[in-house]
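Visitor: just coords:
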């Protein structure tokens, strides 16, 4: 009797999560895979086949775009880590108890407006007739207006700005748990600042670093608005390719194949990253 | 007390629920950004108090994608362009035939009505009637780029880094015309069309270094043009007319080879539930005073008789500054897109976007 109730409550507690997983994640993905294995032979006639995947392999434009998206996303992840780590360390270890909350809030504020508004903010700042260019002209540093917009560097700046919070949050929560005594012990034993960072702080923060990197990489590779709005005439992003297939070319089958390939590719990169750094999901993300 | 509050809440919720199911009919309109001005909706709802208008803004491609996803359900009236009816219907079966006897076709411009009918008749049934028409062409700042007259002038090195275009099918077709080809005639022979597309791609890739950026929507185009960051661009005429009101130096230029003309239509989605309300809306916006309100919002010209006189004054001035009668005669109406062409054009656009050689 008692165990029945226990089991029932367990099932009830688990049900929403299981339903969410099944209805919103597993089923749609099965649908996408099924769609991607259809080939159009004539109007309203479809056949089973791998044509959409073969198209992807045969067309260099497609996999070049995917590789480009992947490598730029890795760059964004690294930059976000390099910039985010000192910020997180300051918030968690150096800042006083009272200012900690305020600093955390400051990092959160940009998230209160949507991606779109943030991208437009960058456009206003960086365009040829924008704030930065006019300011540099006013103080006499440059004589001609400069276009900062519409290139890959702008895309990377915009993306780092958008995702950096997702790096900072897990880092702060992991670093928060580390006792100051560990760092002091490191110095007491004669370690230099660099040794302490390398031997004590980084290993301790690893769960936060790994989960932050995974989230940031996935978000970047799957982002759409920022690369589209800030990118120039040569900047292709793989999500744009998927959108084009679905919407402007009415080719849902190959769009679905591309979507699935993006998922497979990003998963592969994450797996490779874990292997290369000798981490596993179990002792990093699950811990943080 | 709490109990009574709960009951009233329940009753209110029930009433709200039945209200939306029962008496009032909803007209779900799937249309372009400026094609359902608030003023007209209010006027319409005053005249037909039992109809509620719900508007979703979209564009050609997204309209078809939305209707395709549901097999034509979810909306009662859609407004794709005239070249987006035939092949979409053949491929995805998303529209239903229209009953022309319920529409005041008398008020419509005969040539436009017949043109749309010819383009959208399948098995003797008509699937669309015209609503607004306009053109795609060029826009220039007269003071800064006096010599822009044809599509290929966007690639003129004199305007290095100061021109723009949208990387969509319009510029492919325009460039083909500028090269002396007739892409619409080649639709019947797709091998020939592929050859034209290859030449166009080569030309546009070469042109890439001359372009500042590809614009993506009316807003970024307007910002670049008004700030003077670009001096000429491919454009919709309505965008150019809006800018003309802010800077009379910015004019729409019908290219020498002819502006490309589109007609936005009314079409009934296959599983629409409020056909009568849809017909009422169509007839309502055909009334002369409503035509003026609509054109004021869309910046395009209505497909009714004497439409030019019904334009608001500022738009009339902009149209007169742009078009002569000869330009009107020279219009090239977008031809029906046969199956397969979207894919060919899409591949060409990808090739141009991906090319970096000319940087």
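Guide: Sure, I can see it. Computed from a predicted model, the values in this text were never measured in an experiment.

Visitor: please count neighbours and contacts with C-alpha atoms only from this point.
Guide: Will do.

Visitor: give me the nearest residue to residue B:296, chain neighbours excluded.
Guide: In space, and not counting its chain neighbours, residue B:296 is closest to residue B:312: 5.9 Å by CA to CA, 6 or more residues apart in numbering or on different chains.

Visitor: what residues does that neighbour make contact with?
Guide: When contacts are counted by CA atoms under 8 Å, 6 or more residues apart in numbering or on different chains, residue B:312 touches B:292-293, B:295-296.

Visitor: cutoff 10 Å now
Guide: Neighbouring residues of residue B:312 by CA atoms under 10 Å, 6 or more residues apart in numbering or on different chains: B:291-297, B:299.

Visitor: so which residues on the stretch 51-200 of chain B come close to chain A?
Guide: Counting by CA under 10 Å from any CA of the partner chain, the stretch 51-200 of chain B comes close to chain A at B:60-66, B:68, B:87-93, B:167-169.

Visitor: residues from the stretch 51-200 of chain A in reach of chain B?
Guide: Contacts of the stretch 51-200 of chain A with chain B, taken as CA under 10 Å from any CA, map to A:59-62, A:64-65, A:123, A:127-130, A:145, A:147, A:149-151.

Visitor: and these, which of them are buried?
Guide: Buried by 16 or more other CA atoms under 10 Å in any protein chain shown: A:61-62, A:65, A:123, A:127-130, A:145, A:147, A:149-151, out of those.

Visitor: let's see which of the residues you listed end up in helices.
Guide: In this view, these that belong to helices under DSSP state H are A:61-62, A:65, A:123.

Visitor: for chain A, which segments count as strands?
Guide: A:38-42, A:45-48 (DSSP state E).

Visitor: C-terminal to the longest strand seen in chain B, what's the next element?
Guide: For chain B, the longest strand by residue count, based on DSSP E, is strand B:129-141. Toward the C-terminus, strand B:129-141 is succeeded by strand B:163-165 as the next helix or strand (DSSP states H and E).

Visitor: what's the helix or strand just after that next one packed up against?
Guide: The helix or strand immediately downstream of strand B:163-165 is helix B:169-178, counting by DSSP H and E. Packed against helix B:169-178 by the contact rule (3 or more CA pairs under 10 Å, 6 or more residues apart in numbering or on different chains; DSSP states H and E) you find strand B:129-141, helix B:183-186, helix B:190-207, strand B:232-236, strand B:260-266, helix B:341-354.

Visitor: what mean pLDDT does the last one get?
Guide: Spelled out, that is helix B:341-354. Summarised as a single mean, pLDDT over helix B:341-354 is 89.

Visitor: ok, the fourth one next?
Guide: What strand B:232-236 shows for mean pLDDT is 95.

Visitor: same check on the first one?
Guide: Per-residue confidence for strand B:129-141 averages out to 94 on the pLDDT scale.

Visitor: that strand: partners in the sheet, and parallel or antiparallel?
Guide: Take DSSP bridges as the rule and strand B:129-141 pairs in its sheet with strand B:232-236 (antiparallel), strand B:250-253 (antiparallel), strand B:260-266 (antiparallel), strand B:301-302 (antiparallel).

Visitor: averaging pLDDT over each of those strands, which comes out lowest?
Guide: Note on the strands paired with strand B:129-141: strand B:301-302 shows the lowest mean pLDDT, a mean of 89.

Visitor: quick one: name whatever helix or strand follows that one.
Guide: Moving toward the C-terminus from strand B:301-302, the next helix or strand (DSSP H and E) is helix B:313-322.

Visitor: and that next one, how far out from the chain middle?
Guide: Distance of helix B:313-322 from the chain centroid (CA atoms, centre = their mean, to the nearest Å) equals 19 Å.

Visitor: identify the residues contacting that helix?
Guide: Residues outside helix B:313-322 that contact it (CA under 10 Å, 6+ apart): B:139, B:237-238, B:240-245, B:248, B:250-254, B:292, B:295-296, B:299-301, B:308-311.

Visitor: what does the stretch 251-359 of chain B have sitting close to chain A?
Guide: Taking CA under 10 Å from any CA as the criterion, the stretch 251-359 of chain B approaches chain A at residues B:339-347, B:350-356, B:359.

Visitor: now do 6 Å
Guide: For the stretch 251-359 of chain B, the residues in contact with chain A (CA under 6 Å from any CA of the partner chain) are B:342-343, B:353.

Visitor: those residues, buried ones only, as a ChimeraX selection?
Guide: Of those, the buried ones go into a single ChimeraX selection, burial set by 16+ other CA under 10 Å:
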select /B:342,353
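
Visitor: export the residues of the stretch 251-359 of chain B next to chain A to CSV and tack on distance to residue B:199?
Guide: As requested, these are arranged in CSV below (distance: CA to CA, whole Å):
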residue, distance to residue B:199
B:342, 17
B:343, 17
B:353, 15
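
Visitor: dump the strands of chain A to CSV, plus mean neighbour count.
Guide: Shown next, in CSV, are the strands of chain A (neighbours: other CA atoms under 10 Å in any protein chain shown):
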stretch, mean neighbour count
strand A:38-42, 15
strand A:45-48, 12
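
Visitor: include mean pLDDT when you put these into a markdown table, please.
Guide: Shown next, in a markdown table, are the strands of chain A (pLDDT from 0 to 100):
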| stretch | mean pLDDT |
| --- | --- |
| strand A:38-42 | 82 |
| strand A:45-48 | 85 |
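
Visitor: Serialize these to a markdown table and add fields for distance to chain B.
Guide: Converted to a markdown table, the strands of chain A look like this (distance: least, CA to the nearest CA, whole Å):
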| stretch | distance to chain B |
| --- | --- |
| strand A:38-42 | 8 |
| strand A:45-48 | 9 |
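
Visitor: what is the neighbour count of the closest residue to residue A:148 other than its chain neighbours?
Guide: Distance criterion CA to CA, 6+ apart; nearest residue to residue A:148, sequence neighbours excluded, is residue A:126 at 5.1 Å. Residues near residue A:126, counting by other CA atoms under 10 Å in any protein chain shown, number 21.

Visitor: got it, and residue A:13?
Guide: Using other CA under 10 Å, residue A:13 is surrounded by 11 other residues.

Visitor: repeat that for residue A:217.
Guide: When neighbours are defined as other CA under 10 Å, residue A:217 has 26 of them.

Visitor: over to the one 10 residues further on?
Guide: Using other CA under 10 Å as the criterion, residue A:227 is surrounded by 26 other residues.

Visitor: how about the one 5 residues further on?
Guide: The criterion is other CA under 10 Å. On that basis, residue A:232 has 20 neighbouring residues.
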